[in-house]
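Peer 1: Sequence and predicted structure are below.
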Amino acid sequence: MNNPTKHEKEPDLSGVHLWLVLSKAARSVEAHALRNIRGFGIGQSDFGVLEALLHRGPLSVKQIGAKVLLTSGSMTAAVDRLEAKGLVTRQDDPEDRRSWIIHLTETGRELIERVFADHREAMENAVSEFPVEERAALIKALRRLGRAAEEKF
């Protein structure tokens with residue numbers, strides 16, 4: 001039987017070590033993403049709102065907030081900023097008079113299409129060391145990990 005020597009330590013496979021490694025990796029990838037987004041002069045919240053509208057079409061403030069994980073107050077501030085810049089418009093929600101549907105303007109669409117294309121390339125660069133097969137396995141494992149952790153609470 002092979003016993004590890006002083007120089008050959010067994011890997012730490014504990015839950016706490018997995019959490020630390022996962023957390024550090026997530027922070028590194030997120031920092032890469034945020035540096036790229038800030039390079040366009042927009043914040044993470046505004047990018048998230050514009051990206052959601054680009055890929056999902058017009059949405060209610062509540063729907064956008066759920067997708068980009070912003071509170072109601074933060075969503076209002078983001079929509080106000082984006083509207084002041086001429087990137088989005090608000091229209092009354094025909095199903096709920098208390099709510100708005102947010103639409104991209106042509107200027108907003110042009111901006112987020114350009115920014116998102118660059119962002120996609122930047123994120124591809126960040127994970128370029130991982131072939132697609134490894135990415136698929138990692139995504140599957142991380143989803144399983146997330147579901148398992150959620151079930152414990």
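Peer 2: Looks like it arrived, so ask away.

Peer 1: Within its sheet, name the partner strands of the longest strand belonging to the chain and how each one runs.
Peer 2: The residue-count maximum for a strand in the chain (DSSP state E) belongs to strand 96-104. Using DSSP bridges, strand 96-104 pairs in its sheet with strand 59-60 (antiparallel), strand 88-93 (antiparallel).

Peer 1: what's the helix or strand harbouring Gly108 packed up against?
Peer 2: Applying DSSP states H and E as the criterion places Gly108 in helix 106-126. The elements that helix 106-126 packs onto, with contact taken as 3 or more C-beta pairs under 8 Å, 6 or more residues apart in numbering; DSSP states H and E, are helix 15-38, helix 44-56. Any C-beta I mention is one placed from the backbone N, CA and C, and that applies to glycine too.

Peer 1: For these, give me CSV that also has mean pLDDT.
Peer 2: CSV is the format used below for the helices and strands packed on helix 106-126 (pLDDT from 0 to 100):
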stretch, mean pLDDT
helix 15-38, 95
helix 44-56, 96
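
Peer 1: what angle separates the helix-or-strand element of the chain with minimal mean pLDDT from helix 44-56?
Peer 2: Every helix and strand in the chain was compared by mean pLDDT, DSSP states H and E; the lowest is strand 96-104, with a mean of 91. With axes from the mean of the first three to the mean of the last three C-alpha atoms, to 10 degrees defining the directions, strand 96-104 sits at 90 degrees from helix 44-56.

Peer 1: Ile139: which element?
Peer 2: Going by DSSP H and E, Ile139 is part of helix 132-151.

Peer 1: just the angle between that helix and helix 15-38, please?
Peer 2: 120 degrees.

Peer 1: and helix 132-151, what does it pack onto?
Peer 2: Contacting helix 132-151 under the criterion 3+ C-beta pairs under 8 Å, 6+ apart is no other helix or strand.

Peer 1: who touches that helix?
Peer 2: Here helix 132-151 makes contact (C-beta atoms under 8 Å, 6 or more residues apart in numbering) with 22, 127, 130.

Peer 1: again, 7 Å this time
Peer 2: Residues outside helix 132-151 that contact it (C-beta atoms under 7 Å, 6 or more residues apart in numbering) are Val127.
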